[in-house]
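A.B. asks: A structural model of the following input is requested.
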Amino acid sequence: MLKKIALGVLVVVLALLVAAATRPAHFHVERSAHVAAPPEVVFPLINDFHQWSRWSPWEKLDPAMKREYSGAAQGQGAVYDWSGNDDVGVGRMSITDSQLPSRVAITLEFMEPWQATNQAVFGVVPEAGGSKVTWGMDGDNNFMLKAVSMFMNMDEMVGKDFESGLTNLQRVAEAESAQGAAAAPPQ
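C.D. replies: Here you go, the predicted model:
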């Protein structure tokens with residue numbers, strides 16, 4: 001009887017391992033939002049890590065999070081290191097490409113509580129009444145992430161944070177745009 005139970009458990013474990021191994025090796029998460037502000041207002045909020053505390057969904061998860069900025073002040077070469085509680089972990093973002101006012105590419109390195117390197121891209125495109133902002137992230141699934149993806153959907157999990165961040169970015173950019181319009185001299 002004990003041998004049958006052990007054999008059954010072994011079969012289930014092997015089935016889970018095989019199922020995990022067949023999961024996709026790559027993931028992509030992307031969300032977009034309309035922002036009633038021109039690209040020239042939206043772009044600096046993304047291109048300057050010092051501005052992220054105003055809109056990033058992760059900035060408020062740990063009020064005591066340590067932040068360090070290095071490299072360029074903004075744009076390509078800007079680096080942002082963080083270290084915080086279990087909700088934010090330890091990591092680094094580096095802007096690898098910056099094309100005013102339409103694109104910011106970022107290498108995102110997670111060091112704790114897990115290790116991963118992903119690529120994030122923000123696109124800012126003018127459209128009627130403002131800008132379309134798209135936030136995307138691509139990464140590779142190692143075996144552990146493949147196993148986790150059997151129980152947790154990366155698109156749903158990270159997508160909610162992207163939606164929250166885009167809503168925050170929208171609020172900040174639209175307020176700045178309104179301030180700029182109010183401060184403009186009458187014509």
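
A.B. asks: Next one, pLDDT for residue 187 please.
C.D. replies: Residue 187 is assigned a predicted lDDT (pLDDT) of 56.

A.B. asks: wait, residue 85
C.D. replies: pLDDT at residue 85 comes out at 92.

A.B. asks: Ok, residue 35 next?
C.D. replies: 98.

A.B. asks: now do residue 181
C.D. replies: On the pLDDT scale, residue 181 is placed at 62.

A.B. asks: so what's residue 133 bridging to?
C.D. replies: Beta-bridge pairing for residue 133 (DSSP bridges): residue 33, residue 124.

A.B. asks: so how far is residue 177 from it?
C.D. replies: Distance, residue 133 to residue 177, by C-beta to C-beta, to the nearest Å: 13 Å. Glycine gets a C-beta too; all of them are placed from N, C-alpha and C.

A.B. asks: Please identify which of these two sits among more neighbours.
C.D. replies: More crowded of residue 133 and residue 177, by other C-beta atoms under 10 Å: residue 133, with 26 against 19.

A.B. asks: Following the chain past the helix or strand bottoming out on mean pLDDT in the chain, name the next helix or strand.
C.D. replies: Within the chain, no helix or strand scores below helix 143-148, which has a mean of 56 by mean pLDDT, DSSP states H and E. Going down the chain from helix 143-148, the next helix or strand is helix 154-183, by DSSP states H and E.

A.B. asks: Could you name the helices and strands sitting against that following helix?
C.D. replies: Helix 154-183 sits against strand 26-35, helix 39-47, strand 130-140, with contacts defined as 3 or more C-beta pairs under 8 Å, 6 or more residues apart in numbering; DSSP states H and E.

A.B. asks: mind checking which of these is nearest residue 156?
C.D. replies: In terms of C-beta to C-beta, the element of those nearest to residue 156 is strand 26-35, at 9.1 Å.

A.B. asks: Tell me, how many residues neighbour residue 127?
C.D. replies: Residue 127: 11 neighbours (other C-beta under 10 Å).

A.B. asks: My guess is it contacts residue 34. True?
C.D. replies: Yes. Residue 127 lies in contact with residue 34 (C-beta atoms under 8 Å); the separation is 6.9 Å.
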